[in-house]
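Trainee: next one to model:
(2 chains)
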Amino acid sequence: DAKTTQPTSMDCAEGRAANLPCNHSTISGNEYVYWYRQIHSQGPQYIIHGLKNNETNEMASLIITEDRKSSTLILPHATLRDTAVYYCIVRVAGGAQKLVFGQGTRLTINP
Amino acid sequence: GAVVSQHPSRVICKSGTSVKIECRSLDFQATTMFWYRQFPKKSLMLMATSNEGSKATYEQGVEKDKFLINHASLTLSTLTVTSAHPEDSSFYICSEVLAGRNEQFFGPGTRLTVL
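Mentor: Okay, the predicted model is just below:
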């Protein structure tokens, strides 16, 4: 799987938009970008995924650059409960494909 | 999303004993389950891929005789840590893959402490 690069940590004020960047410059044409998050002492939670088009769901928006070498996860109105480690993962489609977790970004939402 | 449960959520055992962790898919049938391990302040590391009715596929460096995986049904996979040692103390997490879906759904994790 292609490697991803994320900042180690970020802070964001409650109520503001949290923008989490991810670099994946070696991504292949058939690899998707997935985002998961892990709240302390819990299992990871799926957030969103995309191939090349921007995606939006009830949790977040995913913006993928045209060359697909980077992406940004946007939490539009961050709350304290969004404090977690956010993982950006690239892999081919197909649920049976394993996920390889990097170190992720530790996002802290401040009141 | 799918609901995955793990039991127990927390276990403390003595060194040398064996511990079984259960991973259940509560609302779907999962042909594939994954087992991960996470040490404090570290990321998740995949241990093995478990397919219903067949032998698990272990990642490099994971001892298959120490971490026994059984996936006897489409809703249950078990991980048994045999002859546990303090260095096996970790957070063990399973995930399931649903047929036709692209995302994995994770269980809440089991915290194992070996004294």
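
Trainee: contacts only, for residue A:35.
Mentor: If you count contacts by C-beta atoms under 8 Å, 6 or more residues apart in numbering or on different chains, residue A:35 has them with A:20, A:22, A:47-49, A:60, A:62, A:73, A:86-89. Yep, even glycine has a C-beta here, placed from its N, CA and C like the rest.

Trainee: ok, now residue A:6?
Mentor: Residue A:6 touches A:20-23, A:86-88, A:102-105, counting by C-beta under 8 Å, 6+ apart.

Trainee: for chain A, what lies in contact range of chain B?
Mentor: Residues of chain A that fall close to chain B, judged by C-beta under 8 Å from any C-beta of the partner chain: A:32, A:34, A:38, A:41-46, A:49, A:87, A:93-96, A:98-104.

Trainee: what's the distance between the spatially most central residue of chain A and residue A:110?
Mentor: Geometric centre of chain A, nearest residue: residue A:35, 3.5 Å, by C-alpha atoms, centre = their mean. Separation of residue A:35 from residue A:110 (C-beta to C-beta, to the nearest Å): 21 Å.

Trainee: and the residue nearest to residue A:20 when sequence neighbours are not counted, how many neighbours does it have?
Mentor: Nearest residue to residue A:20 in three dimensions, chain neighbours excluded: residue A:73, at 4.4 Å (C-beta to C-beta, 6 or more residues apart in numbering or on different chains). Residue A:73: 24 surrounding residues under other C-beta atoms under 10 Å in any protein chain shown.

Trainee: same deal with residue B:24?
Mentor: 19.

Trainee: tell me which element it falls in.
Mentor: If you go by DSSP states H and E, residue B:24 is part of strand B:19-25.

Trainee: spatially, what comes nearest to the residue most central in space within chain B if we skip its sequence neighbours?
Mentor: Centrality entry for chain B: nearest residue to the mean C-alpha point is residue B:35, 3.7 Å, by C-alpha atoms, centre = their mean. Residue nearest to residue B:35 in three dimensions, not counting chain neighbours: residue B:47, with 4.6 Å by C-beta to C-beta, 6+ apart.
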